[in-house]
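A.B. asks: Provide a 3D model corresponding to the input given below.
(one chain, ligands or ions: 1)
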Amino acid sequence: MSEAGAIDAGGGADSGGGADSGAASESAAAGETLIEVRGLKKTFRVGFFGRRVEAVKGVDFDVRRGEIFGFLGPNGAGKTTTIKMLTGLIKPTGGEAFLFGARVPSAEARRRIGFLPENPYVYPYLTPREFITLCGRLSGLAGAALASRTQAMLAKVGIAYAADRPVRRLSKGMLQRTGLAAALVSDPELLVLDEPMSGLDPVGRKEVRDLILEERAAGRTIFFSTHILSDVEAMCDRVAILREGRVVVRGALRKLLRGDVLRTDVTLAGASVALCRSFEQQGHGVRTRADVVVVEIEGEKQVGDVLRAALDGGAQVLEVVPRRETLEDLFMRRALSQGLSRED
Ligand SMILES: Nc1ncnc2c1ncn2[C@@H]1O[C@H](COP(=O)(O)OP(=O)(O)OP(=O)(O)O)[C@@H](O)[C@H]1O
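C.D. replies: Residues are numbered from 1 along each chain as shown. A predicted model of the protein is given here:
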């Protein structure tokens, strides 16, 4: 594994995406397990007196070929520590982990992985092109194939225009993209990305999300961590949510999230005070925002009644938005209140 990025080599994957694409769902359904983590634990000893910090307290999850797996949790939950154990950077205190069926650390398994560490370190006097070339060379590429693969990866992550500037002059976002290109250069089967969206602005985050989807469609399996739950909702097939070193929610997103409408927001213009008061009396929430009023209806059953009353009362209906459960809601509903929730 190189300092900042790729643990690599190995050919392209032979299967496609996850639940959303046909070939991919088949391969995911076939269930080849690329990452298997069982009761993984890490306790650090810190300070002069060797105080114990239990960073990871017995974590279990599996990642299957062809899926995008989100490893989520707030800051300090133990995500990076788990990823470091998986990639062989630190030794577990307990439990076990397997990559491609081989117990970690496994040099053979590492060659099939592209790894983006949190805050990738790139020697400041190298340029992105030199760094990615170096990672490609370490993974066994050479000559014209290496040069063209490097150029293609620079273009893919959107830093071709800065390919020959020293890394010390790049922004955090550009450094992150350099790390991503380095993780991809060897055409790995499995991408392990620690906070790939960190340091990026909203446009950059969307580009990374699109890149992850593209790579999955091209046949790669992606395991990535984030503390921003909304970043993953549209992309992950399965997730594990970590809190204080334990997995508190795990499983297929579609099964975990309630599909039904939790609340419907009706936005009105020109609603009179009397109309708003009558909605409140019926038990609906009423919020005033700028020159509009938002009526919050539990579920969706009474939406018709509210719309009729609003129109009869002379108001104009601007918007009707059903609100379904988000990962954020799920985390609050289940993770904070009880033990492991599981919907595989
Ligand atoms: N080398 C270390 N020595 C001592 N404690 C550590 C070490 N590395 C991590 N920790 C502690 O372990 C806990 C988990 O940290 P970790 O970095 O794995 O969390 P994380 O979920 O990745 O958070 P973040 O999103 O902030 O990176 C934290 O309390 C952290 O302070």
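A.B. asks: Please make it C-alpha for all contacts and neighbour counts, starting now.
C.D. replies: Will do.
A.B. asks: Any residues of the stretch 151-300 of the chain in contact with the ligand? List them.
C.D. replies: Counting by Cα under 6 Å from any ligand atom, the residues of the stretch 151-300 of the chain close to the ligand are residue 227.
A.B. asks: Show me the strands in the stretch 151-300 of the chain, by range?
C.D. replies: For the stretch 151-300 of the chain, strands defined by DSSP state E, counting those that start in this stretch occupy the ranges 190-194, 221-226, 238-243, 246-252, 261-269, 285-289, 292-298.
A.B. asks: Mind listing the strands the fourth one pairs with, and their directions?
C.D. replies: Applying DSSP bridges, strand 246-252 is found paired with strand 238-243 (antiparallel), strand 341-343 (parallel).
A.B. asks: ok and the longest one relative to strand 221-226, angle-wise?
C.D. replies: Put plainly, it is strand 238-243. 30 degrees (axes from the mean of the first three to the mean of the last three Cα atoms, to 10 degrees).
A.B. asks: going forward can the numbers begin at 425, since that is how I track them
C.D. replies: In the new count, where the first residue is 425, that last one comes out as strand 662-667.
A.B. asks: which stretch in the strands paired with strand 670-676 has the least confidence?
C.D. replies: With a mean of 57, strand 765-767 has the lowest mean pLDDT of the strands paired with strand 670-676.
A.B. asks: Enumerate every residue touching residue 507.
C.D. replies: 616, 618 (Cα atoms under 8 Å, 6 or more residues apart in numbering).
A.B. asks: For it, give its distance to the ligand.
C.D. replies: The gap separating residue 507 from the ligand is 8 Å, by Cα to the nearest ligand atom, to the nearest Å.
A.B. asks: one step back: what would the strands of the stretch 575-724 of the chain look like in a markdown table with mean neighbour count?
C.D. replies: Output for these, formatted as a markdown table (neighbours: other Cα atoms under 10 Å):
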| stretch | mean neighbour count |
| --- | --- |
| strand 614-618 | 26 |
| strand 645-650 | 26 |
| strand 662-667 | 26 |
| strand 670-676 | 23 |
| strand 685-693 | 19 |
| strand 709-713 | 14 |
| strand 716-722 | 21 |
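A.B. asks: now those strands as TSV including distance to residue 755?
C.D. replies: Output for the strands of the stretch 575-724 of the chain, formatted as TSV (distance: least, Cα to Cα, whole Å):
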stretch	distance to residue 755
strand 614-618	20
strand 645-650	14
strand 662-667	8
strand 670-676	8
strand 685-693	15
strand 709-713	23
strand 716-722	20
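A.B. asks: looking at those strands, which is closest to residue 753?
C.D. replies: strand 685-693 (10.3 Å; Cα to Cα).
A.B. asks: Neighbours of residue 726, how many?
C.D. replies: By other Cα atoms under 10 Å, 12 other residues sit near residue 726.
A.B. asks: cool, residue 562 as well?
C.D. replies: Neighbourhood size, residue 562 [other Cα under 10 Å]: 17.
A.B. asks: ranges for the helices of the protein?
C.D. replies: If DSSP state H is used as the criterion, the helices of the chain fall at 446-454, 503-510, 531-534, 552-562, 567-580, 596-608, 626-641, 677-680, 697-705, 727-736, 751-754.
A.B. asks: Alright, I will stop here.
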